[in-house]
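Trainee: Any chance you can model this:
(one chain, ligands or ions: 1)
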Amino acid sequence: MFKGTKISAVFCAIALTLGLVACSSSDNTPTPKNVIFFLGDGMGMTTLTAARIYSVGEDGELTIDTLPETGFVRTFSADSQVTDSAPSMAAYMTGVKMNNEVISMSANTQAYNASGAAYTSGRNSTCPSSGNGSSVATVLELAIANSMSTGVVSTARLTHATPAATYSHICNRNAENDIAAQAVPGNAKFNKALGSGIDVLLGGDSTYWRPVGAVAAAPTLGRTDNADLVKDMQTAGYTFVNDLTGFNAFTPGNNKKLFGLFDQAVAQGHMSYEADRNPALEPSIAQMTSKAIDVLSKNTKGYFLMVEGGRIDHALHETNGKRALMDTVAFDDAIKMAISKVDLKNTLIIVTADHDHTLVLNGYAKRTGKTTSSEAGVLGLVKDYVLGAITKDINGIGYSIMGFGNGENRPATRAALTDVQTSDLNYHQEAVIQQSAGGETHGGADVFIGAIGAGASVVSGMKNNTDVFAIIKTGLGL
Ligand SMILES: [Zn+2]
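Mentor: Here you go, the predicted structure:
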(Lines give C-alpha, C1' and ligand atoms only; values in the text may rest on other atoms or scores of the structure.)
Protein backbone atom coordinates (compact mmCIF):
# COMPACT_ATOMS: atom_id res chain seq x y z
CA MET A 1 0.00 0.00 0.00
CA PHE A 2 2.93 2.35 0.62
CA LYS A 3 4.21 1.67 -2.85
CA GLY A 4 0.75 2.23 -4.27
CA THR A 5 0.46 5.56 -2.48
CA LYS A 6 3.89 6.69 -3.68
CA ILE A 7 3.23 5.59 -7.26
CA SER A 8 -0.12 7.32 -7.09
CA ALA A 9 1.53 10.51 -5.83
CA VAL A 10 4.17 10.41 -8.56
CA PHE A 11 1.52 9.74 -11.19
CA CYS A 12 -0.54 12.65 -9.94
CA ALA A 13 2.48 14.96 -9.97
CA ILE A 14 3.04 14.08 -13.64
CA ALA A 15 -0.67 14.38 -14.39
CA LEU A 16 -0.81 17.80 -12.76
CA THR A 17 2.15 18.94 -14.86
CA LEU A 18 0.21 17.86 -17.93
CA GLY A 19 -2.81 19.81 -16.77
CA LEU A 20 -4.84 16.83 -15.63
CA VAL A 21 -5.83 18.70 -12.48
CA ALA A 22 -8.66 16.35 -11.63
CA CYS A 23 -6.06 13.87 -10.47
CA SER A 24 -5.33 15.42 -7.10
CA SER A 25 -8.96 15.71 -6.11
CA SER A 26 -9.77 12.18 -7.23
CA ASP A 27 -6.78 10.62 -5.46
CA ASN A 28 -8.34 8.98 -2.45
CA THR A 29 -4.99 8.37 -0.71
CA PRO A 30 -3.25 11.76 -0.77
CA THR A 31 -0.12 12.26 1.28
CA PRO A 32 -1.23 13.99 4.47
CA LYS A 33 0.91 16.62 6.11
CA ASN A 34 -0.44 16.25 9.62
CA VAL A 35 -0.46 13.13 11.79
CA ILE A 36 -2.19 12.82 15.14
CA PHE A 37 -1.14 9.67 16.98
CA PHE A 38 -3.51 8.66 19.79
CA LEU A 39 -2.11 6.16 22.26
CA GLY A 40 -4.35 4.61 24.90
CA ASP A 41 -1.86 3.36 27.45
CA GLY A 42 -2.67 -0.24 28.29
CA MET A 43 -5.91 -0.01 26.32
CA GLY A 44 -6.25 -3.64 25.27
CA MET A 45 -9.16 -5.08 23.31
CA THR A 46 -11.00 -6.17 26.47
CA THR A 47 -10.76 -2.67 27.89
CA LEU A 48 -12.18 -1.28 24.64
CA THR A 49 -15.08 -3.75 24.68
CA ALA A 50 -15.81 -3.05 28.34
CA ALA A 51 -15.65 0.72 27.77
CA ARG A 52 -18.10 0.40 24.89
CA ILE A 53 -20.60 -1.57 26.96
CA TYR A 54 -20.08 0.80 29.91
CA SER A 55 -20.65 3.91 27.81
CA VAL A 56 -23.11 3.00 25.07
CA GLY A 57 -24.13 -0.63 25.57
CA GLU A 58 -23.25 -3.79 23.66
CA ASP A 59 -24.52 -2.60 20.31
CA GLY A 60 -23.51 1.04 20.65
CA GLU A 61 -20.43 2.61 19.10
CA LEU A 62 -17.52 4.47 20.59
CA THR A 63 -15.74 6.82 18.20
CA ILE A 64 -12.93 4.27 18.05
CA ASP A 65 -15.46 1.74 16.74
CA THR A 66 -16.25 4.00 13.79
CA LEU A 67 -12.68 4.25 12.46
CA PRO A 68 -12.82 3.03 8.86
CA GLU A 69 -9.43 1.28 8.86
CA THR A 70 -8.47 -1.24 11.51
CA GLY A 71 -5.88 -3.86 12.28
CA PHE A 72 -3.84 -5.48 15.03
CA VAL A 73 -0.41 -4.82 16.48
CA ARG A 74 2.10 -7.23 18.02
CA THR A 75 3.71 -5.47 20.96
CA PHE A 76 6.49 -7.77 22.26
CA SER A 77 9.76 -6.00 23.00
CA ALA A 78 13.35 -6.99 22.17
CA ASP A 79 13.74 -8.96 25.39
CA SER A 80 10.22 -9.57 26.71
CA GLN A 81 7.03 -11.26 25.56
CA VAL A 82 5.14 -8.63 27.57
CA THR A 83 6.34 -5.11 26.89
CA ASP A 84 6.36 -2.14 29.16
CA SER A 85 5.36 1.26 27.83
CA ALA A 86 8.89 2.43 27.04
CA PRO A 87 9.96 0.09 24.21
CA SER A 88 6.44 -0.26 22.82
CA MET A 89 5.94 3.47 22.37
CA ALA A 90 9.56 3.80 21.25
CA ALA A 91 8.92 1.14 18.57
CA TYR A 92 6.04 3.25 17.24
CA MET A 93 8.19 6.38 17.34
CA THR A 94 11.47 4.96 15.97
CA GLY A 95 10.79 1.68 14.15
CA VAL A 96 13.27 -0.11 16.42
CA LYS A 97 12.45 -2.90 18.88
CA MET A 98 14.37 -2.30 22.07
CA ASN A 99 14.59 -3.83 25.54
CA ASN A 100 12.03 -3.22 28.25
CA GLU A 101 12.42 0.14 30.00
CA VAL A 102 14.64 1.62 27.25
CA ILE A 103 13.50 4.93 25.69
CA SER A 104 14.19 5.51 21.97
CA MET A 105 17.65 3.94 21.85
CA SER A 106 19.22 1.27 19.66
CA ALA A 107 18.30 -2.40 20.11
CA ASN A 108 21.50 -3.26 21.99
CA THR A 109 20.83 -0.73 24.78
CA GLN A 110 20.60 -2.20 28.28
CA ALA A 111 18.39 -0.71 31.02
CA TYR A 112 20.25 -2.71 33.69
CA ASN A 113 23.87 -3.66 34.21
CA ALA A 114 25.06 -7.28 34.18
CA SER A 115 24.32 -7.60 37.91
CA GLY A 116 20.71 -6.56 37.41
CA ALA A 117 21.07 -3.04 38.85
CA ALA A 118 19.16 -0.29 37.03
CA TYR A 119 21.20 2.41 35.33
CA THR A 120 19.58 5.04 37.50
CA SER A 121 20.21 6.77 40.78
CA GLY A 122 17.00 8.11 42.20
CA ARG A 123 15.43 9.71 39.17
CA ASN A 124 18.77 10.53 37.58
CA SER A 125 20.46 8.57 34.83
CA THR A 126 23.63 6.57 35.30
CA CYS A 127 23.57 5.29 31.70
CA PRO A 128 27.17 4.61 30.58
CA SER A 129 28.28 7.35 28.21
CA SER A 130 29.58 4.78 25.77
CA GLY A 131 29.13 1.10 25.05
CA ASN A 132 25.44 1.02 25.86
CA GLY A 133 23.66 1.79 22.64
CA SER A 134 22.93 5.03 20.87
CA SER A 135 19.97 7.31 20.17
CA VAL A 136 17.62 6.48 17.31
CA ALA A 137 15.58 9.23 15.66
CA THR A 138 11.90 9.63 16.52
CA VAL A 139 9.15 10.75 14.14
CA LEU A 140 8.77 13.87 16.27
CA GLU A 141 12.42 14.73 15.65
CA LEU A 142 12.07 13.99 11.94
CA ALA A 143 9.07 16.32 11.80
CA ILE A 144 11.07 19.10 13.47
CA ALA A 145 13.96 18.53 11.04
CA ASN A 146 11.45 19.18 8.25
CA SER A 147 10.22 22.46 9.76
CA MET A 148 6.94 20.94 10.95
CA SER A 149 5.37 21.74 14.32
CA THR A 150 5.15 19.15 17.08
CA GLY A 151 3.10 18.52 20.19
CA VAL A 152 3.00 16.06 23.08
CA VAL A 153 -0.13 15.73 25.20
CA SER A 154 -0.60 13.24 28.04
CA THR A 155 -2.76 12.79 31.10
CA ALA A 156 0.26 11.15 32.71
CA ARG A 157 3.33 13.14 33.67
CA LEU A 158 5.27 14.38 30.65
CA THR A 159 8.38 12.50 31.76
CA HIS A 160 6.52 9.17 31.87
CA ALA A 161 7.56 6.52 29.36
CA THR A 162 5.03 7.17 26.58
CA PRO A 163 5.50 10.93 26.15
CA ALA A 164 9.23 10.56 26.88
CA ALA A 165 9.65 8.16 23.94
CA THR A 166 8.67 10.96 21.54
CA TYR A 167 11.38 13.44 22.60
CA SER A 168 14.08 11.81 24.72
CA HIS A 169 16.70 9.07 24.55
CA ILE A 170 17.80 7.26 27.66
CA CYS A 171 18.71 3.71 28.72
CA ASN A 172 16.24 3.56 31.62
CA ARG A 173 12.79 5.16 31.74
CA ASN A 174 13.03 5.88 35.45
CA ALA A 175 15.67 8.60 34.92
CA GLU A 176 12.90 11.17 34.70
CA ASN A 177 14.95 14.18 35.81
CA ASP A 178 17.19 13.72 32.80
CA ILE A 179 14.21 13.02 30.55
CA ALA A 180 12.75 16.41 31.54
CA ALA A 181 16.09 18.15 30.95
CA GLN A 182 16.23 16.76 27.43
CA ALA A 183 13.11 18.78 26.54
CA VAL A 184 14.47 22.11 27.78
CA PRO A 185 16.22 24.31 25.19
CA GLY A 186 19.41 25.73 26.66
CA ASN A 187 19.85 22.93 29.20
CA ALA A 188 23.19 21.09 28.98
CA LYS A 189 21.24 17.84 28.46
CA PHE A 190 18.84 19.30 25.87
CA ASN A 191 18.14 16.98 22.94
CA LYS A 192 19.39 19.11 20.05
CA ALA A 193 17.30 17.12 17.57
CA LEU A 194 14.36 19.10 18.98
CA GLY A 195 15.58 22.29 17.29
CA SER A 196 14.12 25.20 19.23
CA GLY A 197 11.92 22.82 21.25
CA ILE A 198 8.57 21.02 21.03
CA ASP A 199 5.81 23.55 20.31
CA VAL A 200 3.19 22.14 22.70
CA LEU A 201 3.82 20.15 25.88
CA LEU A 202 0.78 19.45 28.05
CA GLY A 203 0.57 16.92 30.88
CA GLY A 204 0.77 16.29 34.58
CA ASP A 205 3.30 16.65 37.36
CA SER A 206 5.76 19.48 37.84
CA THR A 207 8.03 17.58 40.25
CA TYR A 208 10.67 16.79 37.62
CA TRP A 209 10.67 20.38 36.41
CA ARG A 210 10.82 22.24 39.73
CA PRO A 211 13.76 22.64 42.16
CA VAL A 212 14.04 20.12 44.99
CA GLY A 213 11.55 20.90 47.73
CA ALA A 214 9.41 23.15 45.54
CA VAL A 215 6.66 20.56 45.23
CA ALA A 216 5.70 19.66 48.76
CA ALA A 217 3.50 16.71 47.89
CA ALA A 218 6.17 14.70 46.14
CA PRO A 219 8.64 13.54 48.80
CA THR A 220 9.87 10.48 46.93
CA LEU A 221 9.73 11.80 43.40
CA GLY A 222 11.13 14.70 41.49
CA ARG A 223 14.32 16.62 41.24
CA THR A 224 17.18 16.31 43.68
CA ASP A 225 18.86 19.54 42.55
CA ASN A 226 18.01 23.23 42.38
CA ALA A 227 17.34 23.37 38.64
CA ASP A 228 14.13 25.22 37.80
CA LEU A 229 13.19 23.81 34.41
CA VAL A 230 9.85 25.65 34.37
CA LYS A 231 11.75 28.93 34.56
CA ASP A 232 14.21 27.70 31.93
CA MET A 233 11.31 26.81 29.62
CA GLN A 234 9.89 30.32 30.06
CA THR A 235 13.32 31.74 29.26
CA ALA A 236 13.28 29.59 26.12
CA GLY A 237 10.07 31.27 25.00
CA TYR A 238 7.36 29.01 26.35
CA THR A 239 4.17 30.31 27.88
CA PHE A 240 3.76 28.26 31.06
CA VAL A 241 0.26 27.43 32.31
CA ASN A 242 -0.72 25.30 35.28
CA ASP A 243 -4.44 25.76 35.66
CA LEU A 244 -7.52 25.98 33.49
CA THR A 245 -7.60 29.77 33.59
CA GLY A 246 -4.11 30.07 32.15
CA PHE A 247 -4.79 27.26 29.72
CA ASN A 248 -7.92 28.95 28.38
CA ALA A 249 -6.21 32.35 28.23
CA PHE A 250 -3.46 31.07 25.93
CA THR A 251 -4.16 32.13 22.36
CA PRO A 252 -2.21 30.41 19.57
CA GLY A 253 -0.03 32.53 17.35
CA ASN A 254 2.94 32.22 15.09
CA ASN A 255 5.94 30.74 16.90
CA LYS A 256 4.12 30.70 20.22
CA LYS A 257 5.03 27.72 22.35
CA LEU A 258 2.85 26.28 25.12
CA PHE A 259 4.02 24.36 28.20
CA GLY A 260 1.34 23.18 30.63
CA LEU A 261 1.66 21.08 33.78
CA PHE A 262 -1.54 20.34 35.66
CA ASP A 263 -1.07 18.77 39.04
CA GLN A 264 -2.66 21.00 41.65
CA ALA A 265 -5.35 18.46 42.43
CA VAL A 266 -3.08 15.42 42.53
CA ALA A 267 -0.99 14.27 45.46
CA GLN A 268 1.89 13.17 43.26
CA GLY A 269 2.42 12.81 39.59
CA HIS A 270 0.09 12.66 36.64
CA MET A 271 -3.16 14.50 36.04
CA SER A 272 -6.32 13.32 37.80
CA TYR A 273 -8.27 10.32 36.67
CA GLU A 274 -11.26 11.48 34.66
CA ALA A 275 -13.51 10.30 37.53
CA ASP A 276 -11.72 12.64 39.94
CA ARG A 277 -10.89 15.55 37.64
CA ASN A 278 -12.02 19.00 38.76
CA PRO A 279 -13.08 20.60 35.47
CA ALA A 280 -12.49 24.05 36.96
CA LEU A 281 -8.80 23.23 37.55
CA GLU A 282 -7.68 20.68 34.98
CA PRO A 283 -8.50 20.54 31.27
CA SER A 284 -9.87 17.29 29.85
CA ILE A 285 -7.80 15.30 27.39
CA ALA A 286 -10.20 16.50 24.67
CA GLN A 287 -9.62 20.14 25.66
CA MET A 288 -5.84 19.65 25.61
CA THR A 289 -6.02 17.93 22.21
CA SER A 290 -8.13 20.75 20.82
CA LYS A 291 -5.75 23.43 22.09
CA ALA A 292 -2.74 21.55 20.71
CA ILE A 293 -4.36 21.33 17.26
CA ASP A 294 -5.10 25.08 17.39
CA VAL A 295 -1.45 25.84 18.09
CA LEU A 296 0.13 23.34 15.69
CA SER A 297 -2.15 24.03 12.73
CA LYS A 298 -0.69 27.55 12.49
CA ASN A 299 2.26 25.95 10.69
CA THR A 300 1.40 25.47 7.02
CA LYS A 301 4.17 22.88 6.71
CA GLY A 302 2.21 20.49 8.89
CA TYR A 303 2.53 18.93 12.30
CA PHE A 304 2.93 15.78 14.37
CA LEU A 305 0.87 15.50 17.54
CA MET A 306 0.98 12.65 20.04
CA VAL A 307 -1.92 12.34 22.50
CA GLU A 308 -1.74 9.78 25.30
CA GLY A 309 -4.61 8.57 27.45
CA GLY A 310 -2.03 7.77 30.07
CA ARG A 311 -4.13 6.90 33.06
CA ILE A 312 -6.12 4.04 31.57
CA ASP A 313 -3.03 1.98 32.31
CA HIS A 314 -2.74 3.18 35.90
CA ALA A 315 -6.32 2.31 36.77
CA LEU A 316 -5.85 -1.14 35.25
CA HIS A 317 -2.68 -1.69 37.31
CA GLU A 318 -4.87 -0.95 40.30
CA THR A 319 -7.58 -3.33 38.98
CA ASN A 320 -9.90 -0.35 39.42
CA GLY A 321 -12.38 -1.06 36.64
CA LYS A 322 -14.62 1.99 36.74
CA ARG A 323 -11.79 4.53 36.63
CA ALA A 324 -10.15 2.63 33.75
CA LEU A 325 -13.37 2.69 31.72
CA MET A 326 -14.06 6.35 32.45
CA ASP A 327 -10.56 7.30 31.29
CA THR A 328 -11.02 5.19 28.15
CA VAL A 329 -14.25 7.05 27.35
CA ALA A 330 -12.51 10.42 27.94
CA PHE A 331 -9.76 9.30 25.55
CA ASP A 332 -12.42 8.34 23.00
CA ASP A 333 -13.98 11.80 23.40
CA ALA A 334 -10.62 13.37 22.51
CA ILE A 335 -10.51 11.30 19.30
CA LYS A 336 -14.06 12.38 18.46
CA MET A 337 -13.11 16.02 18.97
CA ALA A 338 -10.01 15.69 16.77
CA ILE A 339 -11.94 14.01 13.95
CA SER A 340 -14.51 16.81 13.99
CA LYS A 341 -11.86 19.54 14.11
CA VAL A 342 -9.22 18.66 11.52
CA ASP A 343 -9.37 18.46 7.74
CA LEU A 344 -9.24 14.73 7.13
CA LYS A 345 -8.10 15.36 3.57
CA ASN A 346 -4.68 16.41 4.82
CA THR A 347 -4.57 14.81 8.26
CA LEU A 348 -4.04 11.19 9.27
CA ILE A 349 -5.38 10.14 12.68
CA ILE A 350 -4.08 6.87 14.10
CA VAL A 351 -5.42 5.27 17.29
CA THR A 352 -3.74 2.39 19.07
CA ALA A 353 -2.44 1.10 22.41
CA ASP A 354 1.04 0.18 23.58
CA HIS A 355 0.11 -3.10 25.26
CA ASP A 356 -2.69 -5.09 26.82
CA HIS A 357 -3.55 -5.74 30.48
CA THR A 358 -4.92 -8.88 32.13
CA LEU A 359 -8.55 -7.72 32.17
CA VAL A 360 -11.15 -10.34 31.15
CA LEU A 361 -14.92 -10.29 30.69
CA ASN A 362 -16.33 -13.40 32.38
CA GLY A 363 -19.23 -15.34 30.87
CA TYR A 364 -21.96 -15.92 30.28
CA ALA A 365 -23.44 -12.60 31.28
CA LYS A 366 -26.81 -11.60 29.93
CA ARG A 367 -26.64 -8.31 28.09
CA THR A 368 -26.49 -5.40 30.50
CA GLY A 369 -26.66 -2.31 28.32
CA LYS A 370 -24.74 0.77 29.39
CA THR A 371 -23.97 1.65 33.00
CA THR A 372 -26.37 4.15 34.57
CA SER A 373 -26.84 5.59 38.04
CA SER A 374 -29.14 2.67 38.84
CA GLU A 375 -27.73 -0.12 36.63
CA ALA A 376 -24.21 -1.50 37.10
CA GLY A 377 -23.94 -2.63 33.49
CA VAL A 378 -20.61 -4.26 32.68
CA LEU A 379 -19.38 -3.31 36.17
CA GLY A 380 -21.94 -5.64 37.73
CA LEU A 381 -22.22 -9.36 38.46
CA VAL A 382 -22.67 -12.03 35.82
CA LYS A 383 -26.37 -12.87 35.52
CA ASP A 384 -27.89 -15.80 33.65
CA TYR A 385 -29.05 -14.82 30.17
CA VAL A 386 -32.21 -16.96 30.41
CA LEU A 387 -33.35 -16.57 34.01
CA GLY A 388 -31.54 -13.36 35.01
CA ALA A 389 -30.38 -14.88 38.29
CA ILE A 390 -26.82 -14.31 39.57
CA THR A 391 -24.51 -16.91 38.05
CA LYS A 392 -22.51 -18.79 40.71
CA ASP A 393 -18.97 -20.19 40.78
CA ILE A 394 -18.28 -23.81 41.77
CA ASN A 395 -18.73 -22.85 45.44
CA GLY A 396 -22.05 -21.11 44.92
CA ILE A 397 -20.72 -17.54 45.00
CA GLY A 398 -21.53 -14.88 42.39
CA TYR A 399 -18.78 -13.16 40.46
CA SER A 400 -18.32 -9.94 38.53
CA ILE A 401 -18.27 -9.63 34.74
CA MET A 402 -14.92 -7.84 34.87
CA GLY A 403 -11.97 -9.67 36.41
CA PHE A 404 -8.19 -9.78 36.13
CA GLY A 405 -5.58 -12.47 35.55
CA ASN A 406 -3.57 -10.97 38.36
CA GLY A 407 -4.03 -8.11 40.78
CA GLU A 408 -4.41 -6.93 44.34
CA ASN A 409 -7.86 -8.28 45.20
CA ARG A 410 -7.59 -12.03 45.54
CA PRO A 411 -9.72 -13.07 48.54
CA ALA A 412 -8.55 -16.19 50.37
CA THR A 413 -12.21 -17.20 50.44
CA ARG A 414 -14.58 -15.61 47.99
CA ALA A 415 -17.60 -13.92 49.55
CA ALA A 416 -20.96 -12.94 48.10
CA LEU A 417 -20.94 -9.72 46.12
CA THR A 418 -23.54 -7.22 44.95
CA ASP A 419 -23.77 -4.97 41.89
CA VAL A 420 -23.53 -1.98 44.21
CA GLN A 421 -20.17 -3.21 45.49
CA THR A 422 -18.62 -4.15 42.15
CA SER A 423 -19.75 -0.97 40.36
CA ASP A 424 -18.40 1.33 43.06
CA LEU A 425 -15.83 3.85 41.82
CA ASN A 426 -13.28 2.48 44.28
CA TYR A 427 -13.91 -1.24 43.73
CA HIS A 428 -10.94 -3.36 42.68
CA GLN A 429 -12.06 -6.33 40.61
CA GLU A 430 -11.03 -9.81 41.71
CA ALA A 431 -7.91 -11.44 40.30
CA VAL A 432 -6.65 -15.01 39.86
CA ILE A 433 -3.05 -14.37 40.93
CA GLN A 434 -2.31 -12.24 43.99
CA GLN A 435 -0.21 -9.12 43.48
CA SER A 436 0.63 -6.16 45.67
CA ALA A 437 -1.53 -3.01 45.48
CA GLY A 438 -1.18 -1.47 42.04
CA GLY A 439 0.86 -4.45 40.89
CA GLU A 440 -1.39 -5.92 38.21
CA THR A 441 0.77 -6.58 35.15
CA HIS A 442 0.51 -5.76 31.50
CA GLY A 443 -0.79 -8.53 29.24
CA GLY A 444 0.88 -9.98 26.20
CA ALA A 445 -1.97 -10.01 23.67
CA ASP A 446 -2.00 -8.06 20.43
CA VAL A 447 -3.69 -4.65 20.47
CA PHE A 448 -6.05 -2.75 18.22
CA ILE A 449 -4.97 -0.14 15.69
CA GLY A 450 -7.37 2.06 13.75
CA ALA A 451 -7.10 5.06 11.46
CA ILE A 452 -9.08 7.69 9.63
CA GLY A 453 -8.14 10.47 7.25
CA ALA A 454 -5.59 10.98 4.52
CA GLY A 455 -3.60 7.84 3.81
CA ALA A 456 -5.43 5.81 6.46
CA SER A 457 -5.82 2.77 4.21
CA VAL A 458 -2.26 1.63 5.01
CA VAL A 459 -3.51 0.75 8.49
CA SER A 460 -4.87 -2.76 8.04
CA GLY A 461 -4.09 -6.37 8.88
CA MET A 462 -1.48 -7.57 11.34
CA LYS A 463 1.34 -5.15 12.06
CA ASN A 464 4.40 -5.26 14.20
CA ASN A 465 4.68 -2.19 16.41
CA THR A 466 7.81 -1.20 14.51
CA ASP A 467 5.78 -1.07 11.25
CA VAL A 468 3.75 1.84 12.61
CA PHE A 469 6.82 4.09 12.55
CA ALA A 470 6.90 3.90 8.74
CA ILE A 471 3.15 4.59 8.56
CA ILE A 472 3.54 7.78 10.61
CA LYS A 473 6.64 8.83 8.70
CA THR A 474 4.91 8.35 5.36
CA GLY A 475 1.85 10.10 6.72
CA LEU A 476 3.95 13.17 7.47
CA GLY A 477 5.28 13.03 3.93
CA LEU A 478 8.81 12.29 5.20
ZN1 LIG B 1 1.88 1.42 28.73
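
Trainee: quick one, what contacts the closest residue to the ion within the chain?
Mentor: Closest contact between the chain and the ion, by C-beta to the ion, is at Ser85 (3.0 Å). Placement of C-beta: from N, CA and C, glycine included. Applying C-beta atoms under 8 Å, 6 or more residues apart in numbering to Ser85 gives the contacts 41-42, 160-162, 165, 173, 313, 354-355.

Trainee: Please tell me how far it sits from Asn346.
Mentor: The gap separating Ser85 from Asn346 is 30 Å, by C-beta to C-beta, to the nearest Å.

Trainee: And for Leu258?
Mentor: Distance, Leu258 to Asn346, using C-beta to C-beta: 22 Å.

Trainee: Tell me the residues of the chain that contact the ion?
Mentor: The chain comes close to the ion at residues 41-42, 85, 313, 354, as judged by C-beta under 5 Å from the ion.

Trainee: Helices - which of those land there?
Mentor: Mapping these onto helices (DSSP state H) picks out 85, 313.

Trainee: Any chance of the residues of the chain next to the ion in CSV with pLDDT as columns?
Mentor: Output for the residues of the chain next to the ion, formatted as CSV (pLDDT from 0 to 100):
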residue, pLDDT
Asp41, 98
Gly42, 98
Ser85, 97
Asp313, 98
Asp354, 98
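
Trainee: ok, the top strand by length along the chain: who's next to it in the sheet?
Mentor: Identified as the longest strand of the chain according to DSSP state E is strand 149-157. Using DSSP bridges, the strands paired with strand 149-157 are strand 200-204 (parallel), strand 303-309 (parallel).

Trainee: Can you tell me which of those is most buried?
Mentor: strand 303-309 (a mean of 29; mean count of other C-beta atoms under 10 Å).

Trainee: which residue ranges form the strands in the stretch 151-300 of the chain?
Mentor: 200-204, 238-241, 257-261 (DSSP state E, counting those that start in this stretch).

Trainee: any idea of the pLDDT on Gly197?
Mentor: With respect to pLDDT, Gly197 scores 98.

Trainee: Near it, how many residues? Count them for me, please.
Mentor: Per other C-beta atoms under 10 Å, the neighbour tally for Gly197 reads 21.

Trainee: show me what contacts the residue nearest to it when sequence neighbours are not counted?
Mentor: In space, and not counting its chain neighbours, Gly197 is closest to Pro185: 4.5 Å by C-beta to C-beta, 6 or more residues apart in numbering. For Pro185, the contact set (C-beta under 8 Å, 6+ apart) comprises 194, 196-197, 233, 236-237.

Trainee: Between Leu258 and Asn346, which is the more surrounded one?
Mentor: Just comparing Leu258 and Asn346: by other C-beta under 10 Å the higher neighbour count belongs to Leu258, 24 against 16.

Trainee: Ignoring the adjacent residues along the chain, who's closest to the more buried one?
Mentor: Val200 is the one closest to Leu258 (C-beta to C-beta, 6+ apart), at 4.9 Å.

Trainee: same question, Tyr427
Mentor: With C-beta to C-beta, 6+ apart as the criterion, Tyr427 has its nearest non-adjacent residue at 6.2 Å, and that residue is Gln421.

Trainee: circling back to that earlier point, buried members of the contacts of Pro185 into PyMOL, please.
Mentor: Buried members of the contacts of Pro185, defined by 16 or more other C-beta atoms under 10 Å, are picked up in PyMOL with:
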select buried, resi 194+197+233+236
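
Trainee: taking the contacts of Pro185 one by one, which sit in helices?
Mentor: Reading helices off the contacts of Pro185 with DSSP H, I get Met233.

Trainee: Helix or strand with the lowest mean pLDDT in this protein?
Mentor: helix 22-26 (a mean of 38; mean pLDDT, DSSP states H and E).

Trainee: Next, find the distance separating the nearest residue to Ala280 once chain neighbours are set aside from Ile53.
Mentor: Closest residue to Ala280 apart from its sequence neighbours, by C-beta to C-beta, 6+ apart: Leu244 at 6.2 Å. Leu244 is 31 Å from Ile53, where distance means C-beta to C-beta.

Trainee: Those two: who's more crowded?
Mentor: Legend: neighbour count by other C-beta under 10 Å for Leu244 and Ile53, higher for Ile53 (25 against 19).

Trainee: looking at this, that one is in a helix?
Mentor: Yes: assessed by DSSP: H, G, I helix; E, B strand; the rest coil, Ile53 belongs to a helix.

Trainee: beta partners for the residue positioned nearest the centre of the chain?
Mentor: For the chain, the residue sitting closest to the mean C-alpha position, by C-alpha atoms, centre = their mean, is Glu308 at 2.8 Å. Beta-bridge pairing of Glu308 under DSSP bridges involves Leu39, Ser154.
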